[in-house]
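> The following block contains a protein sequence and its predicted model.
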Amino acid sequence: MNNQYNFAFFDEGSKREIRRATLKAIGIPGYQVPFASREMPIGRGWGTGGLQLSLSLVTTEDVIKVIDQGTDESVNAVSIKKLIQGTTGIDETVNTHEATLIQSRHRIPEYPLKEGQIVVLQVPIPEPLRNVEPSEYVTKRLHADGDYSGAWMELFEKIVKYGRLATIAAHPVMVEERYVMTPSPIPKYDNPRLDGCEALLLFGAGREKKIQAIPPYSKVVSLGFEDYPFELEDFTGKRCCQCGATDVYLDEFEDEETGEKYYQCNDTSYCLDRMNKKEVS
């Protein structure tokens with residue numbers, strides 16, 4: 001631990017303010033709670049919202065895992081991990097089962113989450129109505145009235161243009177039959193993992209100064225129409241070229257020499273774990 005900083009970087013007053021906002025977010029699932037977003041030693045848009053949540057909640061007993069688009073070894077993930085470790089001295093892991101605090105950008109781990117774990121997701125734009133309504137005052141009123149016609153209209157426009165619900169990521173969800181939220185830019189493949197999740201899911205938007213939460217075992221439904229229901233990415237017939245997994249989110253690659261496409265697990269630690277188990281058996 002770096003003794004030049006307070007434990008977990010922030011002063012205690014800042015931590016308390018963020019925790020109060022977090023508690024309010026947990027008490028009102030899906031609601032956007034404003035908070036006084038702090039200046040961080042990383043640029044806004046690179047995970048400052050999630051990092052502030054992690055630093056305000058971490059304890060000496062925690063084990064941290066940080067991932068960025070499925071990998072534990074990206075520049076962003078390593079930098080955030082170093083800051084948390086350097087100011088707390090806590091242990092790190094790539095194993096989802098071992099982690100008590102998981103900060104993620106764009107993915108939810110493949111292994112099912114469990115009670116007692118906290119997952120912090122980095123969010124660039126938390127407002128699901130922002131593309132149809134630029135005014136913050138108006139969007140707050142629409143949320144209060146439960147008027148989400150703008151979100152439905154945006155989905156309808158995709159059907160008109162593409163013939164299907166052509167969302168790739170950040171597909172809007174209804175939380176506890178009350179608030180519509182954007183669950184960060186996770187692929188829609190991960191949306192079902194939000195419903196009834198045993199872990200506490202927190203969403204931090206540093207630039208927009210908002211915190212949201214999905215408490216454990218909450219009802220989360222992805223928006224869709226009766227004749228155009230919400231559908232996941234289709235990986236039928238595809239498998240990971242490294243571990244052979246077929247029931248996970250896969251990244252597509254192309255061989256530069258042959259032009260043939262191949263696939264690999266997006267969650268690199270999950271893939272490595274499967275390969276290690278194969279070697280042991």
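That came in fine, so what should we check first? Everything numeric in this text was worked out from a predicted model, so none of it was measured.

> ranges for the strands of the stretch 51-200 of the chain?
All strands of the stretch 51-200 of the chain, identified by DSSP state E, counting those that start in this stretch, fall at 63-68, 91-92, 101-105, 118-122, 173-175, 179-181, 200-205.

> Next, format those strands as TSV and append distance to residue 191.
C-betas here are computed from N, CA, C, even on glycine. Listed next are the strands of the stretch 51-200 of the chain as TSV, based on distance: least, CB to CB, whole Å:
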stretch	distance to residue 191
strand 63-68	18
strand 91-92	28
strand 101-105	14
strand 118-122	12
strand 173-175	6
strand 179-181	11
strand 200-205	12
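
> Those strands: which one's closest to residue 28?
When the strands of the stretch 51-200 of the chain are compared by CB to CB, strand 179-181 sits nearest residue 28, at 7.6 Å.

> Please work out which residues outside that closest one touch it.
With contact meaning CB atoms under 8 Å, 6 or more residues apart in numbering, strand 179-181 is reached by 28-32, 126, 128-129, 143, 148, 151, 172-175, 203, 212, 223.

> I'd guessed residue 97 sits against residue 111; true?
Yes. Using CB atoms under 8 Å, residue 97 is in contact with residue 111, at 6.5 Å.

> List the beta-bridge partners for the residue most central in space within the chain.
Closest residue to the average C-alpha location of the chain: residue 121 at 3.4 Å, with CA atoms, centre = their mean. Residue 121 forms beta bridges with residue 104, residue 203, as assigned by DSSP bridges.

> measure it to residue 200 for me?
To residue 200, residue 121 is 11 Å away according to CB to CB, to the nearest Å.

> cool, residue 262 as well?
Using CB to CB, residue 262 is found at 36 Å from residue 200.

> These two - which one has more neighbours?
residue 200 (20 against 16; other CB atoms under 10 Å).

> Give me the spatial nearest neighbour of the more buried one, chain neighbours excluded.
In space, and not counting its chain neighbours, residue 200 is closest to residue 118: 4.9 Å by CB to CB, 6 or more residues apart in numbering.

> The one you found and residue 26: what is the separation?
Here the criterion is CB to CB. By it, residue 118 lies 11 Å from residue 26.

> quick one, longest helix in the chain?
The single longest helix within the chain, with elements called by DSSP state H, is helix 12-27.

> Sheet partners, orientation included, of whichever helix or strand comes after that one?
As assigned by DSSP states H and E, the chain's next helix or strand after helix 12-27 is strand 33-34. Using DSSP bridges, strand 33-34 pairs in its sheet with strand 210-214 (antiparallel).
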